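Need the 3D shape of this:
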Amino acid sequence: MHEEDDSAANPSRSSRILATRSFDVSDCEGSKEQSVKLCGYLNKLTGIGPLRGFKTRWFVYDPRKCYLYYFKTPQDALPLGHIEIADACFSYDVEVEEGLFEIHTEGKEFLLKAPNRQVMHYWLQQLQQKRWDFCKMSGHRDSWCSPAPLFPHTGLVAKDAEAVVYEKPNESMESVRSDFAVEMDNDGLVGPQSARNPVAQPSAALNSLRHWGSEIRNSMSHLRASRGVENRRSVFHTASSEDWEIVDPPSKDTTEHKPPPDSQRRESPSQVQRYSIGSAFTFDFRNPSRMKRPFHMGSGKPNRSAESSPVECNGTKTSELQLRFQSQQEEISRLQEQENQLREELASQKELVHLLQQALRSSQCDWRSTVSPVNMGPDGQDQAKNEVDKALAERDTQIKDLCGHMEKLALEKESLQQELKSLKIKVGEINEQLGMLMETIQAKDEVIMKLSQQSGNEGTQSAECNSPSANRDQQELDNLKDSLQGYKSQNNFLNKEILELTVLRRNAESREKALEAKCTSLEAKLCQVESKYLVLLQEVKSPVCSSSSEQTRSGEVISRLLEDALQVESTDQQEHPILKPNAVSEYDIYGFKTVPEEEDEEEKLEAKKRALDLKSLSLTDQETSVRVKWDNYMAITMNREMVRSPELKALMRSGVPHNHRSKVWSWCVNFHVKKMREDVSKDYFQDLLSTANEKPNPACKQIELDLLRTLPNNKHYASPDQDGIQKLRNVLLAFSWRNPVIGYCQGLNRLAAIALLYLEQEDAFWCLVAIVEVFMPHDYYTKTLLGSQVDQRVLKDLMYEKLPRLHAHFEYYKVDTSLITFNWFLVVFVDSVVSDILFKIWDAFLYEGPKIIFRFALALFKYKEEEFLKLQDPMTIFKYLRYFTRTILDARKLMSLAFVDMNPFPLRQIQNRRTFHLEKVRLELTELEAIRQTFLRERDNTLDGRTLISDDEEDS
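Numbers count the residues shown, from 1 in each chain. Modelled structure (predicted):
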């Protein structure tokens with residue numbers, strides 16, 4: 001939480017002009033890949049009442065959420081709080097203490113102090129720029145996850161990740177922002193290097209004691225690096241006031257506002273200020289006392305450079321305002337002329353309609369008179385009647401078209417009238433602003449002229465006599481010039497702040513309109529779904545009709561509903577600007593196909609239903625809570641590396657969010673193979689690839705045969721030209737040269753393929769090394785698969801202990817579950833469970849090791865235990881065993897069964913059972929080998945004793 005509530009203590013600052021961030025967008029885009037970390041020491045006003053005072057804090061900007069975290073020291077793991085920069089405004093006062101500035105957020109005011117004015121300007125411009133860049137990223141408020149991941153995706157899913165799209169900068173807007181920007185240097189006091197040069201603690205009689213608990217825990221984490229604060233209390237614990245919590249509500253849509261026309265984009269700061277009135281930001285531009293301060297003779301700040309030709313600057317601004325005002329008047333006159341033209345056109349259209357109606361009546365009379373039933377026979381009468389009907393229908397169509405055209409013209413007229421009213425209001429406001437600015441400029445010109453005359457007189461007097469009074473006057477003049485420079489810098493900063501806040505307000509209004517349109521579209525979509533559902537219920541409820549035509553009609557309705565239900569969002573489909581046409585995409589976020597094409601219609605419906613259920617489960621409050629906890633945890637890793645702890649273990653068991661999985665998996669792999677990587681060269685993986693390309697390997701042929709059979713339902717491995725196929729080939733070939741004892745075993749290809757989805761080639765290679773050489777026994781993937789057979793017997797023992805009823809049921813019907821579970825252990829559930837559950841299993845597996853496989857294997861059986869007990873036939877049980885894992889969709893329930901209901905689950909018990917069964921399996925394999933050798937000898941002896949004769953001898 002925030003460190004203190006300053007708004008209640010000092011409400012007078014809430015009405016000051018606030019500011020936003022600034023810098024060139026082009027500079028930010030050019031340094032997206034490797035941007036300089038914004039961090040450094042600032043003094044922060046903390047405490048309440050007599051404990052109020054400045055304390056030095058270490059501030060770090062987090063680009064993922066646009067938060068400015070503050071710590072006691074750079075080495076602390078837990079931040080004391082954060083400031084939301086995305087919706088913040090900045091301001092400072094020239095006449096207060098040097099380096100002091102304010103950050104205003106919703107309901108909060110933060111008073112910060114930089115070492116000097118130059119560093120203060122650097123911080124303000126950087127924060128303005130960070131806010132501008134964050135708000136210009138399209139889609140960052142639509143996601144429940146971190147908007148701009150600090151640790152971007154790696155691996156094959158990086159191509160499918162929602163890229164942060166930066167809007168094309170408005171050249172006019174950027175030119176205005178650059179005009180107001182001032183180049184500042186941080187003097188080495190901002191950035192990671194500033195951690196070595198801490199700012200001196202400001203002198204204060206009493207300092208805040210509110211965060212003494214956090215400070216003590218951070219101090220203990222320094223003394224016990226291996227067992228940090230996580231071992232004592234969770235970072236998400238919020239029972240006491242000193243703990244902090246970062247909870248992000250679901251963010252809003254950020255569809256940027258359409259760029260205004262050139263006449264509006266080149267508005268002066270005063271005009272932009274006018275547009276800001278009434279916005280959602282808490283500032284007031286109508287208060288003259290806040291917009292300018294009078295010049296006081298003899299007051300000022302030293303060490304400021306003098307300003308040249310201020311009169312010319314003000315004159316230029318006045319001429320620019322007059323030109324813009326004239327352009328606004330010309331635009332209003334043009335719109336009035338357009339309105340008159342439209343009115344004349346509307347009147348002419350009405351007259352044309354009237355004439356057409358009269359012509360229609362006369363033509364009807366002519367037709368009746370000429371085509372009389374007396375002069376014609378029956379056939380002629382019918383033909384004449386048909387021709388009359390056709391003519392009347394054509395006339396009616398023309399009338400309807402003209403009426404529609406008239407309605408459109410009326411709507412255009414109303415919109416133009418509304419636009420004219422708004423322009424008139426704007427012109428009135430511009431006139432008021434222009435009058436105020438003219439008066440202000442005139443007053444400033446008079447003051448400047450007086451000061452210039454006084455300076456000239458004092459110069460001539462000082463030439464005649466160098467008196468002490470003349471020196472004092474000269475010093476006052478220098479102070480006034482210095483104050484003038486300071487006010488100009490403040491004016492530029494506040495003008496830029498007003499300009500950016502105006503744009504942000506317009507963007508917020510655009511987001512609100514887009515959300516309203518999205519809500520309307522969702523309501524329409526819901527009505528369509530309910531209508532289809534009611535039609536289907538009606539068709540199901542009605543009895544089977546005897547008539548073949550009615551049966552055909554009923555079948556057509558149901559077929560059409562099934563076609564609509566099976567539609568998915570394809571990659572080449574035009575995406576709706578507001579609402580996606582289908583709730584289920586063709587591929588999920590991992591690249592797996594949601595609805596297989598080769599399946600029959602029933603299985604397609606089941607796959608579509610499964611995809612919808614998974615999507616609904618991913619939007620629950622529990623999933624959102626997990627994502628928020630992970631965001632909180634990743635925030636505290638800004639100052640330190642990830643370490644093993646109970647909190648991290650609990651988070652891993654709850655599943656890693658998609659946007660953090662690349663970093664977390666990479667850390668887990670490096671943790672397990674750190675010693676191995678230290679013993680080899682940095683180019684070890686590339687050396688193995690070079691060796692594989694130069695020398696043939698017996699495993700190459702089998703690897704090539706298995707590449708396209710690895711994950712055929714994943715788009716990254718679906719065809720030979722996919723990038724994933726080549727990466728998979730490299731990983732498997734490199735591993736076959738690293739471990740020639742195993743070389744290649746079917747199953748390793750799927751392990752490597754899953755790793756490549758989130759890791760680069762080299763990290764995926766070391767992930768395969770960690771699984772085969774660290775997690776699993778050394779003979780797990782050999783030709784005999786000895787370790788895999790042992791684990792099947794261990795699983796059977798654990799099922800007897802944890803699930804006795806189900807174990808007895810399988811034993812009674814003589815069902816061998818190892819025929820199904822053997823593949824679970826060999827490839828860690830790949831192609832056995834739905835993708836969402838698969839990757840959550842892998843999250844815990846890469847952190848804890850092979851014990852996770854036993855936990856989830858038992859949890860899967862526990863999940864469907866009652867369904868298994870209802871089956872009373874061996875064939876039915878075995879058939880259900882083959883597909884029951886694909887029907888399990890609730891990952892939260894499954895993880896609760898694995899990590900709660902299966903406890904206690906000591907690893908030593910598994911190791912002891914493995915040792916016990918290993919000896920038994922070895923004896924059995926030895927016996928089988930002896931039987932095989934005996935059989936081969938007997939077969940050879942039988943063949944040697946046979947007498948072979950030719951066909952001719954047999955015939956004779």
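
how many other residues sit next to the nearest residue to residue 746 once chain neighbours are set aside?
Leaving aside its sequence neighbours, residue 746 sits nearest to residue 706 (Cβ to Cβ, 6 or more residues apart in numbering; 6.3 Å). (C-beta placed from N, C-alpha, C; glycine too.) Using other Cβ atoms under 10 Å, residue 706 is surrounded by 17 other residues.

Return the set of buried residues in whichever helix or strand residue 614 is part of.
Element membership for residue 614, per DSSP states H and E: helix 601-618. The neighbour-count check on helix 601-618 (16 or more other Cβ atoms under 10 Å) flags 604, 607, 608, 610, 611, 614, 617 as buried.

Check stretch 813-832 too.
Buried-residue list, stretch 813-832, by 16+ other Cβ under 10 Å: 815, 817-818, 820-832.

ok, those vs residue 347, which is closest?
Closest approach between these and residue 347, by Cβ to Cβ: residue 831, at 73.1 Å.

Give the helix, strand or coil label for the closest one.
Here residue 831 takes the coil state, with states given by DSSP: H, G, I helix; E, B strand; the rest coil.

Once you drop chain neighbours, what's closest to it?
The shortest distance from residue 831 to any non-neighbouring residue, by Cβ to Cβ, 6+ apart, is to residue 750 (7.1 Å).

now the one you found, what's its secondary structure?
Assigned with three-state DSSP, residue 750 falls in the helix class.

Now do the contacts for it.
Going by Cβ atoms under 8 Å, 6 or more residues apart in numbering, residue 750 touches 710, 711, 827, 830, 831.

My read is that the second one contacts residue 753, right?
Pointing back at residue 711 there. Yes - if you go by Cβ atoms under 8 Å, residue 711 and residue 753 touch, sitting 5.2 Å apart.

Pull up the overlap in contacts between these two.
717, 830.

What's the mean pLDDT across the helix holding residue 614?
Helix 601-618 carries an average pLDDT of 78.

Then stretch 155-163?
For stretch 155-163, the mean pLDDT works out to 65.

Okay, now the unreliable bits of the stretch 501-650 of the chain?
Per-residue confidence for the stretch 501-650 of the chain (pLDDT under 70) gives these ranges: 532, 535-536, 538-584, 598-601, 639.

the helices in it, which residues?
Listed in chain order, the helices of the stretch 501-650 of the chain (DSSP state H, counting those that start in this stretch) span 548-565, 601-618, 621-636, 646-654.

same for the last one, what does it pack against?
When contacts are defined as 3 or more Cβ pairs under 8 Å, 6 or more residues apart in numbering; DSSP states H and E, helix 646-654 sits against helix 621-636, helix 835-848.

Leaving out sequence neighbours, find the closest residue to residue 424.
Distances taken as Cβ to Cβ, 6+ apart put residue 332 closest to residue 424, at 7.0 Å, once the chain neighbours are dropped.

can you tell me which residues contact the one you found?
420, 423, 424, 427.

In helices, which of the residues you listed appear?
Among these, the members found in helices (DSSP state H) are 420, 423, 424, 427.

Please check those residues and keep the buried ones.
Buried, going by 16+ other Cβ under 10 Å: residue 423, out of these.

residue ranges with poor pLDDT in the stretch 701-850 of the chain?
In the predicted model of the stretch 701-850 of the chain, no residue satisfies pLDDT under 70.

circling back to that earlier point, using a markdown table, lay out the helices and strands packed on helix 646-654 together with mean neighbour count.
Below are the helices and strands packed on helix 646-654 laid out as a markdown table (neighbours: other Cβ atoms under 10 Å):
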| stretch | mean neighbour count |
| --- | --- |
| helix 621-636 | 18 |
| helix 835-848 | 22 |
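
wait, which of the ones you listed is closest to residue 726?
Among those, helix 835-848 sits nearest to residue 726 (Cβ to Cβ), with 22.7 Å.

That closest one to helix 601-618, inter-axis angle?
On the basis of axes from the mean of the first three to the mean of the last three Cα atoms, to 10 degrees, helix 835-848 is oriented at 50 degrees to helix 601-618.
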